[in-house]
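Colleague: This is a predicted model, with the sequence first.
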Amino acid sequence: MKFVNISYKNIRSGRSAARLACLLRKQEVGSSNLPAPTTLLFRKIFRIISNSLSCIFSSNQQFGFLFLLSLLLINLPVNLALANPVTTYKVVSGDNLTFIAKRFNIKLSDLRKANNLASDLLSIGQELNIPKPFRLSADKEPQWTSPCPGAGKIIRPFGQYKVKKILMARTGDDRAAPLGTPVFSPAVAVVKHIGILDGFGTVIILQHQGQFASVFSPIDVERLKVKPGQAVNKGHLLGYTGKPVLEGSPPYIHIELRHHETAIKPESLKP
């Protein structure tokens, strides 16, 4: 069913949903459209200046100045990183090469070759390249754990709903979650994409075995704990929930589960 591209408040537009679907279809991992750190710094400075100016200028004067300054900030360089074919994993306590190869469904020989390892000895914190993760996995669902134990009741459920007689489709559950609620990887995964998406805010997309993917938003961009292309274990801290994107909504976490690019009811990802 096609999404209808309309501009009513509190609705994720068809364009946003199509963009998300496009990101999920991409085979590569490690993409991002987050602003560069310098851009984030200038945005903080912008907020400080705007607050100060409110005490100095009249409303019309302030609007004109802030508009010009906003144009400058919008044109600052942003990090439109292309997909990075290299997936990396940091060794943790208890790891060995056999476990890592099995976890990411790759051949042990390929793991050794990708990292030019002379021996199987590993050290905690050592960074390994993971060649083509999950390529050997059958169409088998991962063993899930809760991505957001601090989330509460569902405030907007998965499925179809109507807005002014227009049939829409919500591709995940929106669950009540206080600002700053930690979000974890629900299974072994590779961070496929982190970026800002209209209607979703900052979104994290994880790739799992068996052609599964999970999606979480809005995430506080300044408290991210992972980066695109990073391989993570089940329960790895991804970040914390950010401010609601939907106008008038209480704080929430949007949770999606996809299989072969199709959104399915995220019952496996309950708190």
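Modeller: Yes, it's here. Numbering: from 1, shown residues only.
Colleague: So which residues of the stretch 51-200 of the chain form helices?
Modeller: Assigned by DSSP state H, counting those that start in this stretch, the helices in the stretch 51-200 of the chain fall at 59-74, 97-103, 108-114.
Colleague: Could you tell me the least trusted of those helices?
Modeller: Note on the helices of the stretch 51-200 of the chain: helix 59-74 shows the lowest mean pLDDT, a mean of 50.
Colleague: center of the chain - which residue?
Modeller: residue 204 (0.5 Å; C-alpha atoms, centre = their mean).
Colleague: Would you agree it falls within a helix?
Modeller: No: under DSSP: H, G, I helix; E, B strand; the rest coil, residue 204 falls outside any helix and is assigned strand.
Colleague: For the closest residue to residue 242 other than its chain neighbours, give its distance to residue 252.
Modeller: Spatially, and ignoring its direct neighbours in sequence, residue 242 is nearest to residue 220 (3.9 Å; C-beta to C-beta, 6 or more residues apart in numbering). C-beta here means a position set from N, CA and C on the backbone, and glycine is covered the same way. According to C-beta to C-beta, to the nearest Å, residue 220 stands 13 Å off from residue 252.
Colleague: Which residues are in contact with each of those two?
Modeller: By C-beta atoms under 8 Å, 6 or more residues apart in numbering, residue 220 and residue 252 have these common neighbours: residue 241.
Colleague: returning to what we had before: report the contact partners of the residue nearest to the centre of the chain.
Modeller: Taking C-beta under 8 Å, 6+ apart, one finds 183, 191, 193-194, 215-217, 219, 226, 238-239 in contact with residue 204.
Colleague: What residues are bridge-paired with it?
Modeller: For residue 204, the beta-bridge partners are residue 194, residue 216 (DSSP bridges).
Colleague: and the gap between residue 148 and residue 206?
Modeller: 13 Å.
Colleague: same deal with residue 155?
Modeller: From residue 155 to residue 206 the distance is 23 Å (C-beta to C-beta).
Colleague: Which one of the two is surrounded by more residues?
Modeller: Of the pair residue 155 and residue 206, residue 206 is the one with more neighbours under other C-beta atoms under 10 Å, namely 25 against 15.
Colleague: Now the more buried one: closest residue in space, sequence neighbours ignored.
Modeller: Of all residues not flanking residue 206 in the chain, residue 189 sits nearest, at 3.9 Å (C-beta to C-beta, 6+ apart).
Colleague: Please apply the same query to residue 130.
Modeller: Among residues not flanking residue 130 along the chain, residue 87 sits closest, at 4.3 Å (C-beta to C-beta, 6+ apart).
Colleague: you'd agree the one you found is up against residue 111?
Modeller: No: applying C-beta atoms under 8 Å as the test, residue 87 and residue 111 come out as separate, 11.4 Å apart.
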